[in-house]
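*Asks:* Sequence first, then the predicted structure:
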Amino acid sequence: MDSELDFATIQAVIENSSTKVEALIESYLDKKEQLISLLQDIQSEFNYIPGDTLVKISQKLDIPLSQVFSVATFFQSFSLKPRGRHTITVCLGTACHVRGGQRLVDKIGRDYNLKPGETTQDERFTLETANCLGCCALGPVVVVDGKYESQVSPDKLDKVLKKYE
Ligand code: FES
């Protein structure tokens, strides 16, 4: 592997990201009351909100950093940590728990070295748990990128996650 090329590539990616952030913030200069929309745009561009972006927003839009931070941490849809390209949500509500939900979380932990709230090193998967996804009769339920999978056994989980590898 050519380490010079890797460094140049990484540098280009960082510069490109920075330029995109700047452009997004610039587009909100005269509508700073739409902070949530700006954060949504950044989240959808990068799949998370880089920490230094909050500082840039605060400085450029003249909004106290504490206010930007509290909005960014209030909504569950925003993440300040890098997230995987695919989000796995395992339901651990009572009905799913008694049908093996925890076993699925443990399996994902073993297979991908992943705990709830974490993202794999290759940024493929982020694992989350939920308390109830509203379809208890179908448990245990796993949702991958919004797609519901019902009565998920460890074998079925393997098949489902293989599709995202
Ligand atoms: S407990 Fe899992 S969907 Fe309700």
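*Replies:* Okay, I see it.
*Asks:* following the helix or strand of the chain with the lowest mean pLDDT, which helix or strand comes up?
*Replies:* When each helix and strand of the chain is scored by mean pLDDT, DSSP states H and E, helix 3-26 comes last, with a mean of 70. For helix 3-26, the following helix or strand on the C-terminal side (DSSP states H and E) is helix 35-46.
*Asks:* Return the list of helices and strands in contact with that following helix.
*Replies:* Counting contacts by 3 or more CB pairs under 8 Å, 6 or more residues apart in numbering; DSSP states H and E, helix 35-46 packs against helix 3-26, helix 51-61, helix 65-74. C-beta here means a position set from N, CA and C on the backbone, and glycine is covered the same way.
*Asks:* ok, L92 - contacts?
*Replies:* 101-102, 105, 129-131 (CB atoms under 8 Å, 6 or more residues apart in numbering).
*Asks:* Okay, and the beta partners of H86?
*Replies:* F125 (DSSP bridges).
*Asks:* still on that earlier bit, list only buried entries from the contacts of L92.
*Replies:* When the contacts of L92 are checked for burial by 16 or more other CB atoms under 10 Å, the buried set is 101, 105, 129-130.
*Asks:* E128 sits in which helix or strand?
*Replies:* Counting by DSSP H and E, E128 is part of strand 125-130.
*Asks:* residues contacting the one residue sitting closest to the centre of the chain?
*Replies:* Computing the C-alpha centroid of the chain and ranking residues by CA atoms, centre = their mean puts R83 first, at 3.5 Å. Going by CB under 8 Å, 6+ apart, R83 touches 47-48, 119, 123, 126.
*Asks:* Got phi/psi on it?
*Replies:* Main-chain torsions, R83, degrees, to the nearest 10: phi -120, psi 160.
*Asks:* Could you measure from it over to K31?
*Replies:* 26 Å (CB to CB, to the nearest Å).
*Asks:* For the helix or strand following the strand holding E128, give me every contacting residue.
*Replies:* Remark: after strand 125-130, the chain's next helix or strand is strand 142-144, criterion DSSP H and E. Residues from elsewhere that reach strand 142-144, judged by CB under 8 Å, 6+ apart: 86-91, 104, 130, 133, 148-149, 152, 157, 160-161, 164.
*Asks:* of those residues, list those near the ligand.
*Replies:* Residues of the contacts of strand 142-144 in contact with the ligand (CB under 6 Å from any ligand atom): 91, 133.
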